[in-house]
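Engineer: Build the 3D model from these lines:
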Amino acid sequence: MLRPLDSDSPHEIGPYRLLASLGSGGMGTVHLAVPPGGGTADLVALKTVRRDLEQASDFRLRFRREAEAARAVRGPYVSALVDAAPDAERPWLATQYIAGPSLEEAVDRRGPLPVPVVRDLGTAVARGLAAVHGARLVHRDLKPANVVLGATGPRLIDFGIAQAYDATALTATGVMVGSPGFMSPEHIAADRSVTGASDVFCLGAVLCFAATGHGPFEDSELAAIVHRIAQGRPDLSRVPEELRQIVTDCLHRDPGRRPTTAELIRALDTSSAPDRPGVRPAPAPRVFPWPDDVRELIGTYESAAAAALAAPPMPRTAPAPAPLPAGPPAEHPAGQTHAGGPAGARGRRRGLAVAAGAAVLAGVLTAVLLLLPDDPARRTPGDSRATPERSAGASGGATPSPTPSPRTAPIAASKMSDFGPDALDRTLQPEDWRPWAVSFEGPGAADDCALSGDVLVCRLRDEPTRQTRLEARDASDGSRLWSYPAEGEATSLLGVGGLDVDDRHAYVTAADGEGFEVLDLSDGKPVARLPGRTGYDPSVVRVHDGRIFTSYAGGAGAGLAANMLFRAYDADDRTQVWERVIPWAFPPSLDIVGDRVWLTGSQATFTLDPETGKTLAEAPWNCDRRIRGALYDACNGRVVDARTLRPVGNGTYPGIPEAVSREGLLLVEGDGRRAGSRYIAAVDVRSGDERWTVPWTRGDSVVVAGDRLLAFGGDGVRTFALADGAPGAALSTVRNWPLEGGTAGSNVQPSVVLVSGGAYFLAFGDGTVMTAPVP
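Structural biologist: The predicted model follows:
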């Protein structure tokens, strides 16, 4: 999908205003752009050429020649070249922007297409090839990534200009760039006489992929792919019978034995009249018969393009540095780049790109591996909201599943300080994630948030009224999903609290003060109620490993006020598993530490067995924890193992930690100043040794993510290596970061910090919530 412009992106190129980034490809960088006064129908994919190519002696000549030829290609099944400037200081070209996913993305995320749709798709692409060939061009890189699915039908992209790049690369380096598995035998052999028959071969491979989700020469080894293509050994066993002969004919080793585009059109669409190369293709239907789930995917692209067009123009002054994109989008060598993101749990589909020179004839091949996006959890046709299972609970345990699930991002919650080893894994970002910033609706600011898959839930507190409520946002784009309680619904004096989430639900104290509410994470509607008890006020809820744990504060009239109630429920059927009344305990202290329930009170600290509620460890002191789920803590003048409550290390007391790593580093404020600055010291819990220090401003949030320490504060985002404190990337100025006193002020310190999928999610006291990539 679209991503914000990089900090060094120009505002305009030629007559076009840049709106967003589409990614990078073999020839250069691609942007979504619009001409003066243009609307959605005028959007273009504008590509600037790589610096090394523009310096090549013959590239501009080839670029100019191919651009002029490509201008002649018109039709409803090609993304036409709109404009080009081969003589500009940095050459560029603009093609029609098609709002929709590539065929590769659609099949990877929604599954193979039905046979009738594959027929219509093949007919359209064949007509597009006929238009390209009629302009005396050869596409040379037809593959699923270069077929874009628009609302009115598929469009071919990246034709014509790719030939200028291809020829320049061949002249300069002796290699030819292509995509193995979707290359013809003559292209692999670096045959300079590649003709339109090569495109027909590639179309056969594309049809096989559309119908089965697999290419006909797919193999784990690059050499095996090349050998199978050269020997003419496609695997068509999964191709539906109605399409198998057509695909077989296209994949013939001999270019002269392959059908022409006109013959393909007649075979795929028996209702159409014969077409000859160069004849304008029949007009596209007004509505193409895409399956509902593909049409839904197209709609997300259309909405994103409309939003980018509606956004105010960038200021003419130099823009503030912006976060880098979360990961490399799919590459398209000469035209439009689509960077679609998979669902909350995203994997990576490993694609192959090959550079093959004339030496291929002697068996020499050079390979380059590229990573292309994928969603391993494909949705079946008609299932437009299939969502992979997420881990159940912020404390780390996952509810056992009867069937294997794709790898998912751990649930993240504020007040945690170590977001886990996968926190910087960009493949686990929410579907179609991009940086965004919004304001919560109504008064109040977030004081507690939790992230589960693609849903961010925050508790908002309005200080003047002391009321609290929940608001959920789509973690991909910041759009509002739901709020609780619903508008106009009565609430208790205490509002709502005790927020936690798992893979399906949000848990919170009920708005009416009677027990706890279980909310559907997708729409916020209550699905169950965990009952309260007369004389007790619900306080905190935590969910972990198939159990829901709740705490209640005892009130006057029901036993002693110091008697506090704790319960555990089964997360599936919500039956009560155990209950305990513990005198003098603090209900808000309820936490999960490793595999134990943790709580403290005025006279003792406990850990309980989550299955039975029985006390596993008890210490005669209070430990006022500020960090959720931390395995170590510093309290009562000692460092302790939070599970066993036993002292750890040599008895030193470094101070109250700002963060604790799961590997055993306490991040504490140092004593005094070093190099004129306050600092954070990393102290080993076992030895008590100070490992390293980093500069710090009091009030800045420090958290651990993967192998890094991240600091968020008035000076932006700073990163440090967890191993030795070495400084890493930093962003001192970030777009959308709230400022004190308006535009002239300094950055505000965030009140809530979450890290997941290589991105950070921040909330601020003015009601702003934002997300951007970790630098």
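Engineer: Show me the domain layout of this protein.
Structural biologist: Using automatic domain parsing, the domain parsing of the chain gives 12-299+308-332+341-374, 412-773.
Engineer: Next, count neighbours for the spatially closest residue to residue 653 that is not a sequence neighbour.
Structural biologist: Closest residue in space to residue 653, ignoring its immediate chain neighbours: residue 637 at 5.0 Å, by CB to CB, 6 or more residues apart in numbering. Placement of C-beta: from N, CA and C, glycine included. Residue 637: 10 surrounding residues under other CB atoms under 10 Å.
Engineer: quick one: residue 655 from residue 712, how far?
Structural biologist: 21 Å (CB to CB, to the nearest Å).
Engineer: between these two, which one's more packed in?
Structural biologist: Higher neighbour count among residue 655 and residue 712: residue 712, with 22 against 13, using other CB under 10 Å.
Engineer: Let's verify that one: helix, strand, or coil?
Structural biologist: strand (DSSP: H, G, I helix; E, B strand; the rest coil).
Engineer: hey, what's it bridged with?
Structural biologist: Per DSSP bridges, the residues bridged to residue 712 are residue 701, residue 717.
Engineer: Give the next helix or strand downstream of the helix-or-strand element of the chain with minimal mean pLDDT.
Structural biologist: Ranked by mean pLDDT, DSSP states H and E, the weakest helix or strand in the chain is strand 366-374, scoring a mean of 25. Using DSSP states H and E, the helix or strand that follows strand 366-374 in sequence is strand 412-413.
Engineer: Per-residue confidence at the residue nearest in space to the middle of the chain, what does it come out as?
Structural biologist: Compute the mean C-alpha point of the chain, and by CA atoms, centre = their mean the closest residue is residue 429, 3.1 Å away. What the model reports for residue 429 is a pLDDT of 89.
Engineer: do the same with the one 5 residues further on
Structural biologist: For residue 434, the model assigns a pLDDT of 88.
Engineer: same thing with residue 282?
Structural biologist: Reported pLDDT for residue 282: 54.
Engineer: Please apply the same query to the one 5 residues further on.
Structural biologist: Turning to residue 287, the model gives it a pLDDT of 69.
Engineer: same question, the one 5 residues further on
Structural biologist: Reading off the per-residue confidence, residue 292 sits at a pLDDT of 86.
Engineer: Which phi and psi values does it adopt?
Structural biologist: When quoted as degrees, to the nearest 10, the phi and psi of residue 292 stand at phi -60, psi -40.
Engineer: For it, grab the count of nearby residues.
Structural biologist: Residue 292: 12 neighbours (other CB under 10 Å).
Engineer: Tell me how far it lies from residue 110.
Structural biologist: In terms of CB to CB, residue 292 sits 10 Å off from residue 110.
Engineer: what ranges do the strands span in the stretch 101-250 of the chain?
Structural biologist: 147-150, 153-156, 177-178 (DSSP state E, counting those that start in this stretch).
Engineer: Compare these and give me the one nearest residue 613.
Structural biologist: Checking these against residue 613 by CB to CB gives strand 147-150 as the closest, at 54.7 Å.
Engineer: The closest one packs against which elements?
Structural biologist: The elements that strand 147-150 packs onto, with contact taken as 3 or more CB pairs under 8 Å, 6 or more residues apart in numbering; DSSP states H and E, are helix 103-110, strand 153-156, helix 292-310.
Engineer: Tell me which other helices or strands the longest one touches.
Structural biologist: Judged by 3+ CB pairs under 8 Å, 6+ apart, the packing partners of helix 292-310 are strand 16-24, strand 28-34, helix 103-110, strand 147-150.
Engineer: Please enumerate the helices of the chain.
Structural biologist: With DSSP state H as the definition, the chain shows helices at residue ranges 51-54, 59-71, 103-110, 115-134, 161-173, 185-188, 196-212, 222-231, 241-250, 261-268, 292-310.
Engineer: Among the ones you listed, which comes closest to residue 482?
Structural biologist: Among the helices of the chain, helix 292-310 sits nearest to residue 482 (CB to CB), with 19.2 Å.
Engineer: and that closest one with strand 28-34, angle?
Structural biologist: With axes from the mean of the first three to the mean of the last three CA atoms, to 10 degrees applied, the angle from helix 292-310 to strand 28-34 works out at 80 degrees.
Engineer: Between strand 16-24 and helix 292-310, find me the angle.
Structural biologist: Helix 292-310 runs at 140 degrees relative to strand 16-24, counting by the same axes, to 10 degrees.
Engineer: ok, the residue nearest to residue 482 when sequence neighbours are not counted - contacts?
Structural biologist: Excluding the flanking residues, the one nearest residue 482 by CB to CB, 6+ apart is residue 524, at 3.1 Å. By CB atoms under 8 Å, 6 or more residues apart in numbering, residue 524 lies in contact with 470, 472, 481-484, 506.
Engineer: Bridge partners for residue 692, pull those for me.
Structural biologist: For residue 692, the beta-bridge partners under DSSP bridges are residue 682.
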